[in-house]
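# sequence and predicted structure below; questions after.
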Amino acid sequence: MPKVLVIGGAGYIGSHVVKELLEGGYDTLVFDDLSTGQEVNLFKEAGFVRGNILDRKALDAVMSQNVDAVVHLAGKKAVGESMENPQKYAENNINGSINILNSMVDNGVKHIVFSSSAAVYGTPQYLPLDEKHPLNPVNFYGFSKMEVENLMEWYSRLKDFNYIALRYFNAVGYAADKSITGREKNPQNLLPIIMEAATGKRDGFAIFGSDYETPDGTCLRDYIHVSDLASAHVAAIHRLMSDKKSYRLNLGTGKAVSVKEIVDATENVIGKRLNYRYAARRPGDPAVVVAKADLAREVLNWRPRYTDIEEIIRTVWNLEL
């Protein structure tokens, strides 16, 4: 089987990708600096090299180990932080990705699956969002993802190189078999914050905005289970190595769920009330963001398995039981 290097493979999404690759029989190697990834998320069946994507020598050393394809999940991802500290995101997300691409070219590695984001689209001009939607990110995080996509497009034109950029919508959940237990450090996303409130790690949480033009006044988002994201990465590796074409693909369910619906569903799953309050809208938060993911289904022969929001929430709550 091909050898796949998962950069950022000890992180939340990365560890689920590694799990899917191992179950698919791939020879899997993880490269991670453990700045946000965790050792508890490493699988003994996969090799592990501790290193940083800003260290070109370390990348060359691991890339030279007969690697056939790369999965790149080593980007920083806090939207607010990216606006306060763009230099950190420029260095890690853009310069670090350039290091990865250059190391791949120099070591003869021709295939990469890149962890991109729906943030490349910015404020939706129409819904659902498809891959033809204009790219106009409203935060530096989204800009950094767009820049790496554009770099890969140029490399694919100029070198014997191909890529698939997977534009995630809202990743949620954990592996249902509890094989991955490491929680995200300092979570920024809704469901991990809710779970910290549910387990007493925080007093409560805020719902930002109650006056959007949506059925219950709160934002609508497209939540996709992390195991479904992971299976798409494995399908993308297979596709890259079989037809050697490049793609940019949305990964979502096409189903919009409101913030309040997430809170209500969590209360149903855990059997108790949560402490929350309504706060002012956050700048740049669109009322609705939902994916059109038909192209991923066509190109990757991929379908989300998790479509019920309570089932998704249960995969997180089960880690607490």
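Here it is on my side, so go on. Every value quoted in this text rests on a predicted model; they were computed, and no experiment measured them.

# all strands of the stretch 101-250 of the chain, in order?
Read by DSSP state E, counting those that start in this stretch, the stretch 101-250 of the chain holds these strands, from start to end of the chain: 111-117, 162-168, 170-172, 205-208, 220-225, 247-251.

# Lys88: which of these is closest?
Using Cβ to Cβ as the criterion, the shortest distance between Lys88 and those is 16.8 Å, found for strand 111-117. Where C-beta positions appear, they are placed from N, C-alpha and C, glycine not excepted.

# contacts for that closest one, please.
8, 13, 68-73, 75, 77, 97, 100-101, 104, 141-142, 145, 148-149, 152, 161-168, 233, 236-237, 240-241, 244, 248 (Cβ atoms under 8 Å, 6 or more residues apart in numbering).

# of the residues you listed, buried ones?
8, 13, 68-73, 75, 77, 97, 100-101, 104, 141-142, 145, 148-149, 152, 161-168, 233, 236-237, 240, 248 (16 or more other Cβ atoms under 10 Å).

# picking that back up, Serialize the strands of the stretch 101-250 of the chain to JSON lines and add fields for distance to Arg297 and mean pLDDT.
Formatted as JSON lines, the entries for these read as follows, by distance: least, Cβ to Cβ, whole Å; pLDDT from 0 to 100:
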{"stretch": "strand 111-117", "distance to Arg297": "17", "mean pLDDT": "98"}
{"stretch": "strand 162-168", "distance to Arg297": "13", "mean pLDDT": "98"}
{"stretch": "strand 170-172", "distance to Arg297": "18", "mean pLDDT": "95"}
{"stretch": "strand 205-208", "distance to Arg297": "32", "mean pLDDT": "96"}
{"stretch": "strand 220-225", "distance to Arg297": "13", "mean pLDDT": "97"}
{"stretch": "strand 247-251", "distance to Arg297": "9", "mean pLDDT": "98"}
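
# redo the ones you listed as TSV? Include distance to Asn189.
Output for these, formatted as TSV (distance: least, Cβ to Cβ, whole Å):
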stretch	distance to Asn189
strand 111-117	12
strand 162-168	11
strand 170-172	7
strand 205-208	11
strand 220-225	10
strand 247-251	16
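
# quick one: contacts for the residue nearest to Ser64 when sequence neighbours are not counted?
Leaving out its chain neighbours, the residue that sits closest to Ser64 by Cβ to Cβ, 6 or more residues apart in numbering is Asn107, at 5.2 Å. With contacts taken as Cβ under 8 Å, 6+ apart, Asn107 has the following neighbours: 60, 63-64, 67.

# good, wrapping up.
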